[in-house]
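**Q** sequence isn't available, so here's the structure alone:
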């Protein structure tokens, strides 16, 4: 029995509400040794007050030293072992655009690209064609037929699309066709497991037809496919935790990750205020809310320390007070991983987390910061512990054993 | 190889003595955010001195967020993985009354109950009949015979008894017959695994005979059975650690847990002073002593913060000094789980622990409290680490590898 199965067996009904506020890439690092991080630099009176009344710690999304991608780190936040459940990027992309994946579907992320007369790639993104042009070409791809399976092609954005195969006997994972350099030809797809041979053969047939159909469509005269795998068919948060769960997220990727675990996706505008308002509007309808803030990560990726600190301040001012007005029984504020401006990328650094509930047994942390969390009473723990802690603090678990 | 097997392979003989003092439900929580817990409120000069000289930390009995039952939490304290070894309540109850369970026995916890003329339960505890009446009825049940197995019925207390089946081919676990409500009929037993079918059939035959024999014994005219499973046949502490281990505990449940891992049960009175005296009297005969104090948990369950704090003070005054007079090589003081008066129940909160030995490498903790333990040098760790730490500090383990 896995931990998640044990947890499920302990779930009891309650009407309590849990909010998981995720600032993407929240964890940071000082630009100079001994200095302050982005979070430590930001003036965050509301988060500091929560840290004082709550309990703090640092979580490792995947494991010590491992820099997480966004898919696995969110799965871990939702309590699903990211090493056991490895999700193809195609699946996340399909879910992210709202495609209703079935559990036996195989999905791939596609790029339109440009090839020369010898079939060698000259531009991996087909001159970054606009979305409208991509949509036209996707329409062309929809005419492709394969024996025994249905195919779906859906535009994502610009030169990106999603390919889905639906039918019996499909399995992944498959190798990718993008050679990751210009001057090389797209690679054929290969099965990474024996049971994926049928899918590999069908995808290669699809690529051959796509190549013919696109031949005179320069610059987008070819495709590459990546992240080809099946929908892993995870148990939903309703099944695992007995929670009616909803997500508020602006970016497709995070909506996709949320949909993967059965969350409803709430309509929202793009601003922080609109995200907070979206949560308020659906407050009565759900037990668990995942509220995702993307821009902190983008600022970190841009190496913009000041902007990242400022965005954290905006979350403190614009999101935290309206959340607290709703009086959630459990409020958790954290990130899905660290994105220090210093590194201009995701990093392995453990991620600050604060948890507030009536029965959280608060610690000595007097501010929300990497330093305070390093000495918090939650200690350092795997991200997959977050949901058990949330459920316990929401009084939604009975005891284990007599 | 399991961790326990690695540990066993490292055991070396020594004459050192280990005392594990368990205050049941020791961990607490402040009644208001930011306030003091029961342990932090209690005046405990002897425990504080031990915390100063010793090393502190917080342990998770089962796992983060999981609220432990008493059986699994004690197994964890004794170093047995509580997820791997799930023990039926029937087994614990049988062991608790001193019944000598064999490794192939199947045990159940029984209740006498009252049913109406339609067989529907009207009182799940048969009007709480006195122990003497229960003993008479158990005598009646002893006349039941089953094909190919021996049966034992033993009175526990009031309306409670234990049923044990002994023979070949018995297996658990089985479902329970108590419908957990009045107005419903007792349920038949079902096998939870295919190999438990024989046991299920035999138990149902036993119940049918019991029903006939008790029919005119109103109010105790029927039985319900719960926690039906086999004795898991755990390796003893002697086998695992090379320790001659003894338990001092007033309540049957805890004696049962201790007997499960091969401890001798020492005779004791019910007061704290008598428990300490029982330990002193057998000091020469054992290497490991488990001393269990029940009342701290009961006070927490009653929501009586002050009484729980006062009981902790009594342990500090009445138990700790005579223990120290015996000069144990290793003294560990902890709980089996938390029972905050705030929640009036067991809880998931990690449990404060102090370890004192000549070579413990003491930390900065200057008092025994949840806060001090949260910052203790032992950090936050699973309860199954306690015995390896005890053994190491008792200089009873050799090194791993050359």
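**A** In hand now; what should we look at? Everything numeric here is computed off the predicted structure, so don't read it as measured data. Numbers count the residues shown, from 1 in each chain, chains lettered A, B, ... in the order given.
**Q** switch to C-alpha atoms for all contacts and neighbour counts from now on
**A** Fine.
**Q** got a list of what the residue in the stretch 1-150 of chain A positioned nearest to chain B touches?
**A** At 6.0 Å from chain B, residue A:53 is the closest residue in the stretch 1-150 of chain A, using CA to the nearest CA. Shown in contact with residue A:53 (CA atoms under 8 Å, 6 or more residues apart in numbering or on different chains): A:356, A:362, A:363, B:33, B:34.
**Q** just the buried residues of these.
**A** Neighbour-count burial within the contacts of residue A:53 applies to A:356, A:362, A:363, B:33; the criterion is 16 or more other CA atoms under 10 Å in any protein chain shown.
**Q** TSV for those, including secondary structure?
**A** Below are these laid out as TSV (DSSP: H, G, I helix; E, B strand; the rest coil):
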residue	secondary structure
A:356	strand
A:362	coil
A:363	coil
B:33	coil
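**Q** and the two most separated of those residues?
**A** A:356 and A:363 (10.8 Å; CA to CA).
**Q** ok, so of the contacts of residue A:53, who is nearest residue B:288?
**A** Once CA to CA is applied, the member of the contacts of residue A:53 that ends up nearest residue B:288 is residue A:363, at 33.9 Å.
**Q** roughly how far does that closest one sit from residue B:371?
**A** Applying CA to CA, to the nearest Å, the value for residue A:363 to residue B:371 is 7 Å.
**Q** who touches stretch A:211-229?
**A** A:87-91, A:106-115, A:126-127, A:129, A:137, A:140-141, A:171-178, A:186, A:207, A:210.
**Q** can you give me the neighbour number for the residue nearest to residue A:275 when sequence neighbours are not counted?
**A** Of all residues not flanking residue A:275 in the chain, residue A:268 sits nearest, at 5.6 Å (CA to CA, 6 or more residues apart in numbering or on different chains). The tally of other residues near residue A:268 (other CA atoms under 10 Å in any protein chain shown) stands at 18.
**Q** residue A:268 reaches residue A:282, doesn't it?
**A** No. Between residue A:268 and residue A:282 no contact is recorded; they are 10.9 Å apart, counting by CA atoms under 8 Å.
**Q** on that earlier part again, and for residue A:356 and residue A:363, which residues touch both?
**A** By CA under 8 Å, 6+ apart, the residues touching both residue A:356 and residue A:363 are A:53, A:54, A:55.
**Q** okay, and which of these map to helices?
**A** Among those, the members falling in helices (DSSP state H) are residue A:53.
**Q** how about the shared contacts of residue A:356 and residue A:363 in JSON lines, adding pLDDT?
**A** Formatted as JSON lines, the shared contacts of residue A:356 and residue A:363 follow (pLDDT from 0 to 100):
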{"residue": "A:53", "pLDDT": "93"}
{"residue": "A:54", "pLDDT": "95"}
{"residue": "A:55", "pLDDT": "96"}
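**Q** residues contacting residue A:248?
**A** Each residue near residue A:248 by CA under 8 Å, 6+ apart is listed here: A:255, A:265, A:266, A:267, A:268, A:275, A:278, A:279, A:289, A:290, A:291, A:292.
**Q** for the stretch 1-150 of chain A, what spans make up the strands?
**A** A:18-23, A:55-60, A:106-115, A:121-123, A:150-157 (DSSP state E, counting those that start in this stretch).
**Q** closest one to residue B:99 among the ones you listed?
**A** Using CA to CA, these put strand A:55-60 closest to residue B:99, at 45.0 Å.
**Q** how about that closest one against chain B, any contact?
**A** No. Using CA under 8 Å from any CA of the partner chain, strand A:55-60 stays clear of chain B, coming no nearer than 10.3 Å.
**Q** need the residues of the stretch 251-400 of chain A near chain B, please.
**A** Going by CA under 8 Å from any CA, the residues of the stretch 251-400 of chain A near chain B are A:358-364, A:375-379, A:385, A:388-393, A:397-400.
**Q** one more time with 7 Å, if that's ok
**A** Residues of the stretch 251-400 of chain A found near chain B (CA under 7 Å from any CA of the partner chain) are A:358, A:361-363, A:377, A:379, A:385, A:388-389, A:392, A:398-400.
**Q** give me the low-pLDDT residue ranges for chain A?
**A** A:1-2, A:402 (pLDDT under 70).
**Q** hmm, try it at 50
**A** A:1 (pLDDT under 50).
**Q** OK, now which residue of the stretch 151-300 of chain A is nearest to chain B?
**A** Here the stretch 151-300 of chain A gets closest to chain B at one residue, residue A:241, 12.9 Å apart by CA to the nearest CA.
**Q** backbone dihedrals for that residue, both of them.
**A** Backbone torsions of residue A:241, given as degrees, to the nearest 10, read phi -110, psi -10.
**Q** contacting residues around it?
**A** Residue A:241 makes contacts with A:8, A:11, as judged by CA atoms under 7 Å, 6 or more residues apart in numbering or on different chains.
**Q** and residue A:85, by the same measure?
**A** For residue A:85, the contact set (CA under 7 Å, 6+ apart) is empty.
**Q** can you map out the strands along the stretch 251-400 of chain A?
**A** A:264-265, A:288-293, A:330-334, A:351-357, A:379-382.
**Q** can you list the strands that the fourth one pairs with?
**A** Right, strand A:351-357. In the sheet, strand A:351-357 lines up against strand A:55-60 (antiparallel), strand A:330-334 (antiparallel) (DSSP bridges).
**Q** would a markdown table of the contacts of residue A:248 with distance to residue A:81 be doable?
**A** Shown next, in a markdown table, are those (distance: CA to CA, whole Å):
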| residue | distance to residue A:81 |
| --- | --- |
| A:255 | 19 |
| A:265 | 22 |
| A:266 | 25 |
| A:267 | 28 |
| A:268 | 29 |
| A:275 | 28 |
| A:278 | 29 |
| A:279 | 27 |
| A:289 | 20 |
| A:290 | 18 |
| A:291 | 21 |
| A:292 | 20 |
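**Q** mark which of those are buried, thanks.
**A** Taking 16+ other CA under 10 Å as the criterion, what is buried in the contacts of residue A:248 is A:255, A:265, A:266, A:268, A:275, A:278, A:279, A:289, A:290, A:291, A:292.
**Q** quick one: buried ones out of the contacts of stretch A:211-229?
**A** A:87-91, A:106-115, A:126-127, A:129, A:137, A:141, A:171-178, A:186, A:207, A:210.
**Q** wait, residue A:197 sits on residue A:191?
**A** Yes. Contact status for residue A:197 versus residue A:191: in contact at 5.2 Å, counting by CA atoms under 7 Å.
**Q** next, the contact list for residue A:153, please.
**A** A:138, A:141, A:142, A:161, A:162, A:163, A:164.
**Q** next, count neighbours for residue A:92.
**A** Residues contacting residue A:92 under the criterion other CA under 10 Å number 30.
**Q** so how many other residues sit close to the nearest residue to it once chain neighbours are set aside?
**A** Once flanking residues are discounted, residue A:92 sits nearest to residue A:256: 5.3 Å by CA to CA, 6+ apart. Neighbour count for residue A:256, taken as other CA under 10 Å: 25.
**Q** hang on, isn't residue A:256 packed against residue A:91?
**A** No. Assessed by CA under 7 Å, residue A:256 is found out of contact with residue A:91, at 8.1 Å.
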